[in-house]
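A.B. asks: From the sequence below, what's the structure:
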Amino acid sequence: MKKITGSRRTMLAGSLAAAAGALAASAAVAAPAAAKPTAYKALFQVSDDDPKKWNQTLNNIKNLQQDLGAANVTIEIVIFGPGIGMVMMESEVGNRVQEAIDAKVSVLVCQNTMRGAHLTPDDMLSRIGYVVAGVGEIVRRQAEGYAYIRS
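C.D. replies: Residues are numbered from 1 along each chain as shown. Model (predicted):
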């Protein structure tokens with residue numbers, strides 16, 4: 001075997017370093033795109049008492065679960081202001097709201113709105129949840145990466 005001298009060793013080391021750099025650069029270019037997230041999070045705001053808007057929101061939620069897979073998406077509906085009427089007992093969309101809850105959708109009502117309207121949980125549909133402030137819930141969830149949809 002032939003002995004490598006100092007200048008040849010320096011050239012060889014430089015060539016090896018250049019080859020390693022080129023290999024690393026090509027690996028970075030050839031790296032696959034980041035995988036899609038396996039869990040999605042969506043937050044729907046409803047602050048109107050219009051049954052048509054509520055039905056549209058509930059349709060959008062159902063479509064989202066079908067598109068992404070219900071097991072792959074966490075969905076919350078945050079209700080405040082006049083929208084609270086649609087989650088009260090005898091609401092004309094009450095059955096659909098209960099169906100959404102059955103489909104693992106969290107339906108959350110603003111307690112500030114309830115207090116202002118002099119309502120109690122006894123006035124509301126069963127199985128809904130409560131948050132101190134609807135707007136605060138939206139801000140927190142957006143900070144946690146939830147997609148925000150205003151209906």
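A.B. asks: partner residues bridging the closest residue to Ser106 other than its chain neighbours?
C.D. replies: Using C-beta to C-beta, 6 or more residues apart in numbering and skipping the chain neighbours, the partner closest in space to Ser106 is Glu76 (4.5 Å). Any C-beta I mention is one placed from the backbone N, CA and C, and that applies to glycine too. Glu76 has these beta-bridge partners by DSSP bridges: Leu43, Ser106.
A.B. asks: what number of residues lie near Glu76?
C.D. replies: 20 (other C-beta atoms under 10 Å).
A.B. asks: before we move on, what about Asp48?
C.D. replies: Under the neighbour criterion other C-beta under 10 Å, Asp48 is assigned a count of 18.
A.B. asks: and what of Ile84?
C.D. replies: Burial measure for Ile84: 23 neighbouring residues, criterion other C-beta under 10 Å.
A.B. asks: And the helices in the chain, which stretches?
C.D. replies: Assigned by DSSP state H, the helices in the chain fall at 6-30, 51-68, 94-102, 111-116, 134-143.
A.B. asks: Among those helices, which one carries the weakest average confidence?
C.D. replies: Mean pLDDT values for the helices of the chain show the minimum at helix 6-30, a mean of 48.
A.B. asks: Contacts only, for Leu125.
C.D. replies: Neighbouring residues of Leu125 by C-beta atoms under 8 Å, 6 or more residues apart in numbering: 87-89, 91, 94, 97-98, 107.
A.B. asks: How about Glu90?
C.D. replies: Under the criterion of C-beta under 8 Å, 6+ apart, the contact list for Glu90 is empty.
A.B. asks: Phi, psi for it please.
C.D. replies: phi 70, psi 10 (degrees, to the nearest 10).
A.B. asks: Now do it, the pLDDT please.
C.D. replies: Glu90 is given a pLDDT of 91.
A.B. asks: now Ser151
C.D. replies: pLDDT, Ser151: 81.
A.B. asks: contacting residues for it?
C.D. replies: Ser151 neighbours (C-beta under 8 Å, 6+ apart): 44-46, 48, 53-54, 56-57, 60.
A.B. asks: Give me the buried subset of those residues.
C.D. replies: For the contacts of Ser151, burial is judged from neighbour counts taken by 16 or more other C-beta atoms under 10 Å, and it is met by 44-46, 48, 53-54, 57.
A.B. asks: how close does the nearest residue to Thr113 once chain neighbours are set aside get to Glu99?
C.D. replies: Distance criterion C-beta to C-beta, 6+ apart; nearest residue to Thr113, sequence neighbours excluded, is Phe80 at 4.6 Å. Distance, Phe80 to Glu99, using C-beta to C-beta, to the nearest Å: 22 Å.
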